[in-house]
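Predicted model follows, preceded by the sequence.
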Amino acid sequence: MLRSNMGDTSKQKSWAYMHQGKEIDVSFRLYNIGDFTCDETYYTERDGDKKFLMFATIEGKGILEYNNISVYLTPGTLAVINSEKYQLYKTAPNNIWHFLWLNFESECAESIENFINQDGIFLCDNSEFIRLYEHIKILTNRIFIGTDIEISLDIHRIISDMAKLKSEQLNITNKNKIDSINEIIQYIGEHYCEDINIDSLSERSNLSKYYLIRIFKEFTGITPYKYIVLMRITHAKRLLLTTEMTISEISAKTGFNDSNNFIVNFKSITGKTPTKFRENSIL
């Protein structure tokens, strides 16, 4: 159940945008974004909100209580939290806190957030977030059918970059294992439309396919095969919405061996056939 308390915001300066995206099934759906400057009377305390929230501090200092610890949010830092868990964030005493925020919904972000904040609260550099935040702001002013997908990809880049930075921070004894997974993820991103499978990835990484599947799932939360399919489906959605390519052409373009295989995988992930997805999005 959602519970939320907030301090006096009458003296605060803010800009916020509630995204009114089309009903397209994307992995990361923007809920709203904003730019907030607040004095030391500001606070928000809540839990039970099934969304994820990112803070990028620009000036001043805030305090975040989450995962049973408390940290200062200082200029140049970025944090992400799962708003379903208890959180309290507020302006630090004798401070003005200026931060950018991004609120999004996702069914696949929980495991990533758990990885990022496994030790409590992970803070990282916010420069890449700010760059993509500005791009998302531009996208929210564009009205065309592919906007939600582009925004979803931007949010995915932000949280994936945080996960990468977190993995680099960890004192992992087997560094070669992490390097191998990062190389595989990069390779899949660049070659998803080609004929890649577990055997070819195993050969490329010099890891047995069973070990590869285990450590890939440990690192990403899903198997390599599932990651390949999700990557292909994400790009197929873009082609369905932004081109007049046929289902067969899109199937071949995104690496599926035949149209039936493409349709089965697409419906399994989105709940719709590619044709129905395209038709519903045009309406």
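Here it is on my side, so go on. Numbers count the residues shown, from 1 in each chain.

Can you mark which positions in the helix or strand encompassing Ile185 are buried?
In the assignment (DSSP states H and E), Ile185 maps to helix 175-191. For helix 175-191, a neighbour-count test (16 or more other Cβ atoms under 10 Å) marks 177-178, 180-181, 184-185, 187-188 as buried. (C-beta placed from N, C-alpha, C; glycine too.)

next one: stretch 92-100
So stretch 92-100, judged by 16+ other Cβ under 10 Å, has buried residues 95-100.

Turn these into CSV, columns for distance to Leu239 and secondary structure.
Shown next, in CSV, are the buried residues of stretch 92-100 (distance: Cβ to Cβ, whole Å; DSSP: H, G, I helix; E, B strand; the rest coil):
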residue, distance to Leu239, secondary structure
Asn95, 48, coil
Ile96, 46, coil
Trp97, 43, strand
His98, 40, strand
Phe99, 37, strand
Leu100, 32, strand
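
okay, those in TSV with distance to Lys166 and pLDDT next?
Formatted as TSV, the buried residues of stretch 92-100 follow (distance: Cβ to Cβ, whole Å; pLDDT from 0 to 100):
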residue	distance to Lys166	pLDDT
Asn95	27	94
Ile96	29	94
Trp97	24	95
His98	25	95
Phe99	20	96
Leu100	20	95
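
farthest pair in those residues?
Greatest spatial distance among the buried residues of stretch 92-100 (Cβ to Cβ): Asn95 and Leu100, at 16.6 Å.

how much space between the residue nearest to Lys209 when sequence neighbours are not counted and Phe36?
Excluding the flanking residues, the one nearest Lys209 by Cβ to Cβ, 6 or more residues apart in numbering is Ser202, at 4.0 Å. If you measure Ser202 against Phe36 using Cβ to Cβ, to the nearest Å, the figure is 48 Å.

all strands of the protein, in order?
Taking DSSP state E to define them, one finds strands in the chain at 3-6, 13-18, 29-38, 43-47, 52-59, 62-66, 69-73, 77-82, 87-91, 97-105, 124-125.

of those, which approaches Thr270 most closely?
The closest of the strands of the chain to Thr270 is strand 29-38. By Cβ to Cβ, the value is 13.4 Å.

That closest one - what's its average pLDDT?
Strand 29-38 comes out with an average pLDDT of 91.

Ok, stretch 42-60 next?
Mean predicted confidence for stretch 42-60 is 94.
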